[in-house]
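Colleague: When you get a sec, could you give me coordinates for this:
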Amino acid sequence: MNKTAKIYIAGHTGLAGSAILRLFKKSGYTNMILKTHEELDLLDQKKTFEFFMKEKPEYVFVAAAKVGGIMANKTYPGTFIYENLQIECNIIEGARKFGVKKLLFLGSSCIYPRFAKQPIIESALLSGELEPTNQAYGVGKIGGIILCQSYNEQYGTNFISVMPTNLYGPNDNFDPQNSHVVAAFFNKFHKAKVDNIPEITLWGTGKPKREFLHSDDLADACLFLMKNYDSNEIINIGTGKDVTIKELTSEISKIIGFKGKIIWDKDKPDGSPRKLLNVSKIHKLGWKHKISLNKGLGDTYEWYKKYVK
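Modeller: Presented below is the predicted three-dimensional model:
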């Protein structure tokens, strides 16, 4: 993949896509194809195919998706499964139809079975029941992975699928109702500090354990895999380290300077009890994450204060 190759990042304004774009610009890639949702509606097959026919990208990163936390998945399951399947099918078929050299599809660690043995190895996919709180999203994402694998088998394409752990970083969705856990906590704790709110109520028990990866580390892994990985098998991207949600809130409280009380609403769902990826496969290839959780959270809060508040 040379520096002048035509590269299309679907979803370049989101958390993952913007990180991939930042890295490519920093690394000297000069021929990026970027379209906002207003410029190209990826739910529209005709317009998506016309885009591929006209632009003829050589490499594609599929970071476009309908995403959100427990509340969003619970409220809009139909939207999650329909839009994700539609976006994936349109991009992947467009890539096949118009001769894309290589495509990287972003899956998610949350689509592994709810009670998968920890740390989760890649072969655990489809080995058990999904987490009920994001089943529709999970089925949608699994569909994209199977589509890539099936096209590789039938058409000889080179479409790889990666499984990132929980992401955080700049350009995340910081809406407290529809966001991922780190972004939701930043928003909630920051507002509580600014408005001098004495206590915060959070969902669940705080006991579930999660692994968190900065979006810049994800981007670094995606570029590495685009250059060094051609297998039909999925591959995990993570840190190999996890923390409890309570430990995460403690870290975020310190970074933001919130001194109030945290109340855990145990009537609300926790989600999966633990989610830690086995990252030995990508480690053996020669990639490891670089950004510690403490540094990543601190940097993200500085970005948040500058661009969100």
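Colleague: residues in contact with the residue lying closest to K261 once chain neighbours are set aside?
Modeller: Sequence neighbours aside, E199 is the residue nearest to K261 in space, at 4.1 Å (criterion: C-beta to C-beta, 6 or more residues apart in numbering). Placement of C-beta: from N, CA and C, glycine included. Contact analysis of E199 by C-beta atoms under 8 Å, 6 or more residues apart in numbering lists G260, K261, I262, I263.
Colleague: where does the nearest residue to the first one once chain neighbours are set aside land on pLDDT?
Modeller: For G260, the nearest residue in space outside its immediate sequence neighbours is P198; the separation is 4.8 Å by C-beta to C-beta, 6+ apart. Confidence at P198, expressed as pLDDT, is 96.
Colleague: Would you list the phi and psi of P198?
Modeller: Dihedral angles phi and psi of P198 (degrees, to the nearest 10) take the values phi -80, psi -20.
Colleague: which stretches of this structure aren't confidently modelled?
Modeller: In the predicted model, the chain carries pLDDT under 70 at residues 176-177, 309.
Colleague: in it, which spans are strands?
Modeller: Listed in chain order, the strands of the chain (DSSP state E) span 7-10, 32-33, 59-62, 102-106, 159-164, 166-168, 199-203, 209-210, 212-214, 235-237, 243-244, 261-265, 274-275.
Colleague: so which of those strands gets nearest N73?
Modeller: Closest approach to N73 among those (C-beta to C-beta): strand 199-203, 12.6 Å.
Colleague: from the middle of its chain, how far away would that closest one be?
Modeller: 25 Å (C-alpha atoms, centre = their mean, to the nearest Å).
Colleague: Next, the angle from it to strand 261-265.
Modeller: Counting by axes from the mean of the first three to the mean of the last three C-alpha atoms, to 10 degrees, strand 199-203 points 30 degrees away from the direction of strand 261-265.
Colleague: Show me the strands paired with strand 199-203, marking each as parallel or antiparallel.
Modeller: Using DSSP bridges, the strands paired with strand 199-203 are strand 261-265 (parallel).
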